[in-house]
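J.: Got a sequence here, can you build the structure:
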Amino acid sequence: MKSAIRKMGNSHGVIIPKPLLEEIGAKANDPVEVKVKKGKIVISRLARDPTRRVGRGKQTPKRRWGWRTGLARIRQRGRQGYQVVKRGEVWLAGLDPTEGREIQKTRPCLIVSPPELHDFLDIVIVAPMTTASHPAPYRLDVLFNEKANRILLEQIRTIDKSQLLRRIGEIDRKAITAALATLQNMFAD
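T.: Below you'll find the predicted structure:
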């Protein structure tokens, strides 16, 4: 089966037909290993092990935790390699897969979720940012990394922290206050 290498954001990729994925028992967002062997690119599906803990190198059995124990374990995650985020930080996040007019690609996203949410769960609410979009009352203009950016507050979404790739900075307190006020106005009756 033939395919083509396509530009995807700042990277390149190949569209893999669904029948080929089904043949190896893979689906979208499954972990894979990509290697070059004898001048050929080889993609192998990696098995997910739900008992394996990231960064530990050992297996642990699944357990049910009480809320106090669970809370203590969540607080420790920052020291174990899990993403620790703060409202107002800007992270590079992978927003694919998308549908329709949802903003896509890997792009900077402003963390807008309250600490009560992202400190205790593996999800975070983000507002994507772009340097190219039309102005609107619900889009906030900010200067970030010496570039004019626009926070697309109409595109907020909840994503898993695993989609956060790396922290790239923080916006000033005035801008985050304005973003939260705009969100509050958007959802007020």
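J.: hey, let's count contacts and neighbours off CA atoms from now on
T.: OK.
J.: Next up, the contacts around the residue nearest the centre of the chain.
T.: Compute the mean C-alpha point of the chain, and by CA atoms, centre = their mean the closest residue is residue 163, 2.5 Å away. Residues counted as contacts of residue 163 (CA atoms under 8 Å, 6 or more residues apart in numbering) are 93-95.
J.: what does residue 86 give?
T.: Contacts for residue 86 (CA under 8 Å, 6+ apart) come out as 111, 115.
J.: returning to that earlier point: specify which member of the contacts of residue 163 is nearest to residue 171.
T.: Distance to residue 171, by CA to CA, is smallest for residue 93 among the contacts of residue 163, at 16.0 Å.
J.: Please look at that closest one and residue 103 and confirm they touch.
T.: No - if you go by CA atoms under 8 Å, residue 93 and residue 103 don't touch, sitting 11.7 Å apart.
J.: Looking at the two, which is more packed in?
T.: residue 93 (24 against 18; other CA atoms under 10 Å).
J.: Give me the nearest residue to that one, chain neighbours excluded.
T.: Nearest in space to residue 93, with sequence neighbours left out and distances taken as CA to CA, 6 or more residues apart in numbering, is residue 164 at 4.4 Å.
J.: Spit out the contact partners of the one you found.
T.: Per CA under 8 Å, 6+ apart, neighbours of residue 164: 83, 91-94.
J.: Out of those, which two sit at the greatest distance?
T.: Using CA to CA, the contacts of residue 164 span at most 14.3 Å, a distance reached by 83 and 94.
J.: domain assignment for this protein?
T.: 1-60, 84-187 (automatic domain parsing).
J.: most tightly surrounded among those domains?
T.: Highest mean neighbour count among these (mean count of other CA atoms under 10 Å): domain 84-187, with a mean of 16.
J.: and that one, how far apart are its ends?
T.: 27 Å (CA to CA, to the nearest Å).
J.: to the chain's geometric centre, what's the distance from that domain?
T.: 10 Å (CA atoms, centre = their mean, to the nearest Å).
J.: quick one, strands of this structure?
T.: 5-8, 11-14, 32-37, 40-45, 89-94, 106-111, 123-130, 139-144, 147-152, 157-160, 164-170 (DSSP state E).
J.: Figure out which of those is closest to residue 178.
T.: Comparing those by CA to CA, strand 139-144 comes nearest, at 7.9 Å.
J.: What is the biggest helix by length in the chain packed up against?
T.: In the chain, assigned by DSSP state H, the helix with the most residues is helix 173-187. Counting contacts by 3 or more CA pairs under 8 Å, 6 or more residues apart in numbering; DSSP states H and E, helix 173-187 is packed against strand 139-144.
J.: How about the contacts made by residue 179?
T.: So residue 179 contacts 140, 153 (CA under 8 Å, 6+ apart).
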